[in-house]
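Participant: Provided below for reference: sequence and predicted model.
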Amino acid sequence: MKIRILILFAALFFSSCTKQHPLMIPGSMHVNLIQNGSFESAGNPDLSHWYSDYPQAGDSVLNDTPPGGGFWSLRLEPQWLPSEGFREQAIAIGPGTGIYTLSCWIKNFNWTGSMSLRLRRAGITVTIGQVTNSDSVWTYISRTDTVTTLPMDTLIVHLSDGSTEVASGWTAYDRVSLIRN
């Protein structure tokens with residue numbers, strides 16, 4: 001009886017783990033660790049799983065996407081200093097060393113946007129690597145980093161349009177993925 005309960009518990013646990021990260025990368029055995037990397041659900045705009053500490057100022061969805069991007073992308077604007085225009089997603093990662101590839105499609109409108117991979121440990125967040133882009137057409141960008149994590153660490157995917165005091169533009173982001181190779 002105990003074995004049956006243990007097997008049932010294990011089956012429920014592993015099926016719930018699979019549901020947390022259902023997006024498989026086409027042609028690959030790797031799972032995208034990002035939830036809602038296309039900023040839409042069932043064809044409707046959706047910013048769920050993406051955090052920002054300012055009250056929706058200057059960010060929204062845009063009906064403009066890269067190849068294979070669906071209908072919607074994230075639109076970010078820089079905020080007035082000292083605030084930052086950003087959205088980010090935290091991913092709990094078990095301990096160990098892994099090779100992670102962060103990628104997205106980005107399109108800029110008189111601005112320069114960036115994506116970065118960050119590590120949060122014991123309440124302190126550090127940037128592992130960052131890619132900036134100022135292209136005015138949809139451009140695929142990516143970065144691969146080796147990261148060693150401890151049991152309570154969290155990886156953060158950070159999309160940013162930064163801060164400004166003078167000029168303003170905006171950036172669109174879509175098809176965000178974080179793959180552990």
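Facilitator: In hand now; what should we look at?

Participant: OK, contacts around A122?
Facilitator: Applying Cβ atoms under 8 Å, 6 or more residues apart in numbering to A122 gives the contacts M152. Placement of C-beta: from N, CA and C, glycine included.

Participant: so which residues of the chain form strands?
Facilitator: With strands called from DSSP state E, the chain shows them at 40-41, 44-45, 60-62, 73-76, 79-80, 85-92, 96-109, 113-121, 124-133, 139-149, 154-164, 170-180.

Participant: quick one: average pLDDT of the second one?
Facilitator: By that I understand strand 44-45. The average pLDDT within strand 44-45 is 92.

Participant: can you list contacts of it?
Facilitator: Strand 44-45 is contacted by residues F39, S60, V61, W72 when judged by Cβ under 8 Å, 6+ apart.

Participant: now the second one: closest residue in space that isn't a chain neighbour?
Facilitator: The one in question is S60. Counting by Cβ to Cβ, 6 or more residues apart in numbering, R75 is the residue found nearest to S60 once chain neighbours are left out, at 5.1 Å.

Participant: list the buried residues for stretch 43-52?
Facilitator: Within stretch 43-52, the residues that qualify as buried are L47, W50, S52, counting by 16 or more other Cβ atoms under 10 Å.

Participant: leaving out chain neighbours, which residue sits closest to the last one?
Facilitator: When you say that, I think you mean S52. Leaving aside its sequence neighbours, S52 is closest to R87 (5.1 Å, by Cβ to Cβ, 6+ apart).

Participant: low pLDDT regions in the protein?
Facilitator: Applying pLDDT under 70 to the chain flags residues 1-29, 54-59.

Participant: centroid-nearest residue for it?
Facilitator: Nearest to the mean C-alpha position of the chain, by Cα atoms, centre = their mean, lies V157 at 4.4 Å.

Participant: hang on, isn't that one packed against M115?
Facilitator: Yes - with contact defined as Cβ atoms under 8 Å, V157 counts as touching M115 (7.1 Å).

Participant: which residues do these two both contact?
Facilitator: L102, V176.

Participant: picking up where we left off before, measure the residue nearest to the centre of the chain to V137 for me?
Facilitator: 23 Å (Cβ to Cβ, to the nearest Å).

Participant: tell me the one of the buried residues of stretch 43-52 nearest G123?
Facilitator: Using Cβ to Cβ, S52 comes nearest to G123 of the buried residues of stretch 43-52, at 19.3 Å.

Participant: thank you kindly, that will do.
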